[in-house]
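1. Structure here, sequence nowhere to be found:
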């Protein structure tokens, strides 16, 4: 391990993750909290950041690179979107300066697609693909989430991307819809559950019927007392299958995709992509990627010498 | 107008509508309230019903025919589903008896489709198509709503039906999702709005991409300050277009559909069906239909002589 060089922060709507790194990107210290945008807006963004830095003994002068919703209109300082296509090293070089008496602080911009027929934005997840871009990667990456992103890279640039509301639809339907009673008490979805696979296959085969396939979860519960676990697995499969069908509709035929995911969604997407006949030659942990991407951005922005780890 | 013959009630999750009719089905009196299932369960279903009957001066002995969620598991008395295909006069004849010291009371059963691949249920809307069935109608009817129903009639029987969660998705997305800020303050959707038509056309052309088309409403707001009226019109168009695409996927090619709707949804669906190239040779008011259907059911169940109006 080397000496402390810089700090990177992924600051989202509902979470805060900070890593203190050496020049090679090794983790020297780490902080996590639920101090997302709403909480931090009240407490003060600088107060929240400095208290975490203080807890790790990070002194003044150590620069900080951040990404995520902290750069949105309702964040600390707005980091305006760059337009796609955009090179990822350009993204790193054009971080927004955040005034601070303690240190250099930059927030990475998100990326916008201003096509009036399909406007789209990405803020935070682009940092995860910075790690791929460093390798001059071309190809497609799938980043599951509340708002899943499918990102097409070409020679280290984000060529285009597509967002799907998959995770948010899942939560809304699970908690707030007429399906809630049919899903109550369900355990986390097992990627090997036959109902998950059936849901994926059904949505791939008949994406247009999703509004009916969803209601069938209620009808199956009313008529056949279908267990909550099966219904939740099917709901998850339907929505992920719909996302894959949508990605194909928007991005055209595809053979392989890099999966960048963390936690339970990694296994679910791996399984769903296999059902859709898509190869996943590379699977990366989303949290590793955001840390590595931020490190790469810090290296470029703060003109740190590259050190072979 | 003839003398008071019987009373019909449409009792749903959130509303209560009652009509006092003569033998020919002419309306002699009417009551409406927001005493849906939850409210009535507390107060007592019989208390609620008798208080409305008392207010109209309806004495003991006058029979009552009801339909809707009052016959569900959480209603007054459960009226078990009949399996499709089912003749609509059979539905009328097999209403569930509700014990009462005051009068004969029956609740119409809903209809179930027990196909394990596509289970479905209908409870309430089937009464609206009773009015069509009396004419020995064959064909397709579209009944917009929180849970829209597409019902295929053949010679006075419900052959099959398909439910879509269109109205519920609209409400969830409008009020509870990340789209809410982009839709805030919007006026009711104008069926002639170009964004409504664009949404319908987009969902018909690319139903699989719905999860992305929805997010684009947020992106269009973030990037181009797209007005709330336009975004709401597009959301409505997208979801109704998706429903029509789904109905085609489930029911096969179709040329014409009878529209049974009330209020603003009638004009929106009329416009969306036209964009989809579907003829609407017949358009009926949903409230008229439920009253006429209940009247028809009462005539059969209570063995009332048919009187030419």
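-> Sure thing, it's come through. As the structure is a computational prediction, the values presented were derived from the model and not from experiment.
2. neighbours of the closest residue to residue A:1 other than its chain neighbours, just the number please.
-> Counting by CB to CB, 6 or more residues apart in numbering or on different chains, residue A:26 is the residue found nearest to residue A:1 once chain neighbours are left out, at 5.1 Å. Placement of C-beta: from N, CA and C, glycine included. Other residues within reach of residue A:26, judged by other CB atoms under 10 Å in any protein chain shown, total 15.
3. cool, residue A:155 as well?
-> Neighbourhood size, residue A:155 [other CB under 10 Å]: 10.
4. check contacts around it.
-> Neighbouring residues of residue A:155 by CB atoms under 8 Å, 6 or more residues apart in numbering or on different chains: A:136, A:138.
5. Also residue A:304?
-> Under the criterion of CB under 8 Å, 6+ apart, the contact list for residue A:304 reads A:5-6, A:23, A:298.
6. and if you look at residue A:305?
-> The neighbourhood of residue A:305, defined by CB under 8 Å, 6+ apart, consists of residue A:23.
7. how much space between it and chain B?
-> Remark: distance between residue A:305 and chain B (CB to the nearest CB, to the nearest Å) = 37 Å.
8. That residue in helix, strand or coil?
-> Recorded secondary structure, residue A:305: coil (DSSP: H, G, I helix; E, B strand; the rest coil).
9. Could you measure from the closest residue to residue A:156 other than its chain neighbours over to residue A:231?
-> Spatially, and ignoring its direct neighbours in sequence, residue A:156 is nearest to residue A:133 (4.4 Å; CB to CB, 6+ apart). Applying CB to CB, to the nearest Å, the value for residue A:133 to residue A:231 is 40 Å.
10. Strands along the stretch 201-309 of chain A, start to end?
-> Assigned strands in the stretch 201-309 of chain A, in chain order: A:258-261, A:283-285 (criterion: DSSP state E, counting those that start in this stretch).
11. which of those strands sits most buried?
-> The highest mean neighbour count among these, using mean count of other CB atoms under 10 Å in any protein chain shown, belongs to strand A:258-261: a mean of 23.
12. Please identify the pairing partners of that one and their relative orientation?
-> strand A:139-143 (parallel), strand A:283-285 (parallel) (DSSP bridges).
13. Can you give the contact residues for the shortest one?
-> Put plainly, it is strand A:283-285. Outside strand A:283-285, the residues that touch it by CB under 8 Å, 6+ apart are A:128, A:131-132, A:258-262, A:266, A:270.
14. Using TSV, lay out the strands paired with strand A:258-261 together with mean pLDDT.
-> Formatted as TSV, the entries for the strands paired with strand A:258-261 read as follows, by pLDDT from 0 to 100:
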stretch	mean pLDDT
strand A:139-143	96
strand A:283-285	95
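15. okay, those in CSV with distance to residue A:31 next?
-> Compiled in CSV, those are given as follows (distance: least, CB to CB, whole Å):
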stretch, distance to residue A:31
strand A:139-143, 23
strand A:283-285, 19
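16. Nearest to residue A:176 among these would be which one?
-> strand A:139-143 (24.8 Å; CB to CB).
17. and the residue nearest to residue A:219 when sequence neighbours are not counted, how many neighbours?
-> If you skip the residues right next to it in sequence, residue A:219 has residue B:119 as its closest partner in space, 4.0 Å away by CB to CB, 6+ apart. By other CB under 10 Å, the residues close to residue B:119 number 21.
18. ok, residue B:119 - contacts?
-> Residues near residue B:119 by CB under 8 Å, 6+ apart: A:216, A:219-220, A:223-224, B:112-113.
19. low-scoring stretches of the stretch 1-150 of chain A, by residue?
-> Residues of the stretch 1-150 of chain A meeting the criterion pLDDT under 70: A:134-135.
20. got the residues of it near chain B?
-> The stretch 1-150 of chain A comes close to chain B at residues A:73, A:81, A:112-114, A:116, A:118-121, A:147, as judged by CB under 8 Å from any CB of the partner chain.
21. Determine which residue lies closest to the centroid of chain A.
-> The C-alpha lying nearest the average C-alpha coordinate of chain A belongs to residue A:125 (CA atoms, centre = their mean; 4.5 Å).
22. That one and residue A:144 touch, don't they?
-> No: contact status for residue A:125 versus residue A:144: not in contact, 10.1 Å apart, counting by CB atoms under 8 Å.
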